[in-house]
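> Sequence and predicted structure are below.
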Amino acid sequence: MRHPSLTLRLTLLFAAGSTGVLLLLGWLVARSVEAHFVEQDRMELLGKVELVGNILSRTRAPDDLEAVSSRLDDALTGHHHLSLRLVEADGSVPYESPGHPFPAASFPLRVDKVGVGAPEIATWRDGDRDFRGTVARVPGGPGAPAIVVAVALDIQHHVEYLRAFNHSLWISIAACALLIGFLGWAAARRGLAPVRDMASVAQRISASRLDDRLAVETLPPELTELAVAFNGMLARLEESFRRLSDFSSDLAHEFKTPLSNLMMQAEVALSRSRSPEEYREVLYSSLEECERLARTVSDMLFLAKADHGAIIPSVEKVDLAGEVRELFDFYDALVEERRVALALEGGATVAGDRLMIRRALGNLLSNAIAHTPADGRVTVAIAAPAGGPVIIAVENVGEEIPAEHLPRLFDRFYRVDPARQRTSGGAGLGLAITRSIVAAHGGAITVASGGGVTRFVVTLPAAPAT
C-alpha cells in the first residue's frame, strides 16, 4: 500500500489544526452573541418589572389600581413584542397588556409561588414563537397590597437572527477551512520544492553527468545540511568515477603494452624457421612480459582486498631498523651500480605484519633509489617520540616533484613523468600499495618535495610495552 505524500500529510495536518481552531472560535463567537441577546433580554425584562413597580408604588388605595392601567398602557406603547400581566394575591388579574395577550398557558414560572430575591428568567416556546420572561412580586403603594408582575418577551426576531448568523458563521468557517487547506497545500508544495529539486538532480545523475549541484544559498536552513551532504555525495561520486575511469584507462594501457609485445614476439618467431637458441630467447622475453603481467594482477588483487578491508595484518613486534638494514643488503648491488649512498638513522619497534611493513618500506626505498641521481644519497630516519607514534622518513635528493602532482602521487598507475613508465620496470602501483598497508596498520603517509629533496613520512602506532 502506497503511503501518502509528505505534501498531503502536511496539508492534512495544517488543515485539521486550522479547522479545529476555526470551529472553536466559531463556537465561542456563537456563544458570545447568544449570551449578549440573553443579557439584553434580561435587562429589558427587569427594566419593565422595575417600571411597573415604580408606577404601582404611587398607588394610594386599591381603587387607584384601575387608574394605573392607562399609565401602564402608555409605558408599553411601542413595545409590540412585550406582554405584561398583573396578578393579585387572590389570583385575579387586574391588568393585562392590550393587543399582545400574555402567553399564560405556556408560561413556565409559577405566579402563585414567587420567591424573594433576584427574579428568575425563563425561556420557552409557544407554538411557533419563542419567549423569554420573568415574574416578580412588587410592593404596592401606601395602603395597597403587593402584586405579582409577570412579563413575557417575544424573542422570535432574536432567534431568527441567531439562526441566520450561525448559518452564515458556519458556512464562512467551512469556506475558510477549505481555503486554509488549499493555502496549506500550496505552502507545503512550495516549501518542499528543494526536495523535488534534489530528486530532479538525482534523476539526472549518470556516470557521464555527475557535475550537477544544488544551490545551497537558496535553500531554507532546515534543508541546508541535507543539501550540503547531497552535494558532497555527488562530489565524492564524481571523484570516484573519475578515478575509476582513469584507473580503467591506465589498466588497459598497462596490459596492452606487454600483450602487444607478446603478440609481436610470437609473430616474429613464427615468421620463419629459427634455431632452438632463437626460440629460447623469444620464450625468455615472453616470460618476462608474463611475469610483468602477473605482478600487476597480483598487485591489483592486493589493492582490491585493501579497498574492502580484507588485508587485516597479523600482529607481531617488528624491528624497523633491522628490516631497513636487510633491505639495504637486498638493494646493495643496485645502489652500487647507480652510485647511490644509503643511510639509516634511529630505530623503533611497531606492532604489525612484518612482511607487509617490509613491503611498504621496500616500495619507498626502491622508489627513492630509482629517482636519486648518481652520487646522491637516500636517508631513512626512524624516530619514536615519547608517548607518540613512530615516524619513518625516507628522503632522497634529486629532481623535485611539482606541487600539482603531490595530491595524486598515491593514486594507482599515476606517474609524474609518463615517459618514464617503462624505465623503472614497475606498473605504478607501489605507492598505492604502500598507502594501503600503512592505512591497514592504523597509520598515515605524506609526501613533500622542495629544495632538491623529496621526503616521504610514515607514521605508525608504537608497539605496546607488553
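Arrived safely, thanks for sending. Numbers count the residues shown, from 1 in each chain.

> could you pull out the strands for the stretch 101-250 of the chain?
121-126, 129-138, 147-154 (DSSP state E, counting those that start in this stretch).

> Assess the claim that V151 and L45 are in contact.
Yes - with contacts counted by C-beta atoms under 8 Å, V151 reaches L45, the gap being 5.2 Å. C-beta coordinates here come from the backbone N, C-alpha and C atoms, glycine included.

> more neighbours, the two?
Higher neighbour count among V151 and L45: V151, with 24 against 21, using other C-beta atoms under 10 Å.

> thinking again about what came up before, any residues in contact with both of V151 and L45?
133-134 (C-beta atoms under 8 Å, 6 or more residues apart in numbering).

> Hmm, A368 is touching N396, no?
Yes - A368 is within contact range of N396, at 3.9 Å (criterion: C-beta under 8 Å).

> intersection of neighbour lists for those two?
With C-beta under 8 Å, 6+ apart, A368 and N396 have common neighbours 378, 454.

> Provide a list of residues in contact with D112.
D112 neighbours (C-beta under 8 Å, 6+ apart): 87, 91, 148.

> per-residue confidence at the nearest residue to the second one once chain neighbours are set aside?
What it means is G91. Nearest-residue entry for G91: D112, 7.2 Å, with adjacent residues in sequence omitted and distances by C-beta to C-beta, 6 or more residues apart in numbering. Per-residue pLDDT puts D112 at 71.

> Also L409?
pLDDT at L409 comes out at 83.

> so where's the protein uncertain?
Across the chain, residues meeting the criterion (pLDDT under 70) sit at 1-2, 59-67, 115-118, 140-144, 246-247, 250, 253-254, 307-313, 415-427, 465-466.

> G430: which of the contacts of D112 is nearest?
The shortest approach to G430 among the contacts of D112 belongs to V148, at 119.2 Å (C-beta to C-beta).

> so how many other residues sit close to that closest one?
There are 20 residues near V148, going by other C-beta under 10 Å.

> related to what we said a few turns ago, relative to H36, tell me which of the strands of the stretch 101-250 of the chain wins on proximity.
It's strand 129-138; of these, that one is closest to H36 (C-beta to C-beta) at 13.5 Å.

> That closest one - contacts with which helices or strands?
helix 6-56, strand 121-126, strand 147-154, helix 156-191 (3 or more C-beta pairs under 8 Å, 6 or more residues apart in numbering; DSSP states H and E).

> E120 contacts A150, doesn't it?
No - judged on C-beta under 8 Å, E120 makes no contact with A150 at a distance of 11.5 Å.

> got any residues that touch both of these two?
Common contact partners of E120 and A150 (C-beta under 8 Å, 6+ apart): 109, 134-135.

> Kindly reformat the residues you listed as JSON lines containing distance to E326 and neighbour count.
Listed next are those as JSON lines, based on distance: C-beta to C-beta, whole Å; neighbours: other C-beta atoms under 10 Å:
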{"residue": "L109", "distance to E326": "120", "neighbour count": "17"}
{"residue": "T134", "distance to E326": "118", "neighbour count": "22"}
{"residue": "V135", "distance to E326": "122", "neighbour count": "26"}
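
> ok so, going back, out of the helices and strands packed on strand 129-138, deepest packed?
strand 147-154 (a mean of 23; mean count of other C-beta atoms under 10 Å).

> Would you mind getting the angle between it and helix 6-56?
Using axes from the mean of the first three to the mean of the last three C-alpha atoms, to 10 degrees, the inter-axis angle of strand 147-154 relative to helix 6-56 is 140 degrees.

> what does strand 147-154 rub up against?
Strand 147-154 is contacted from outside by 41, 44-45, 48-49, 52-53, 56, 81-89, 94, 100, 102-103, 107, 109, 111-112, 114, 129-138, 140, using C-beta under 8 Å, 6+ apart.

> how close does L293 get to S260?
12 Å (C-beta to C-beta, to the nearest Å).

> Show me what the closest residue in space to V52 that isn't next to it in sequence bridges to in the sheet.
Setting aside the residues directly before and after it, V52 is nearest to V149 in space (C-beta to C-beta, 6+ apart), at 4.8 Å. Beta-bridge partners of V149, counted by DSSP bridges, are L86, A136.

> What separation do you get for V149 and L46?
To L46, V149 is 11 Å away according to C-beta to C-beta.
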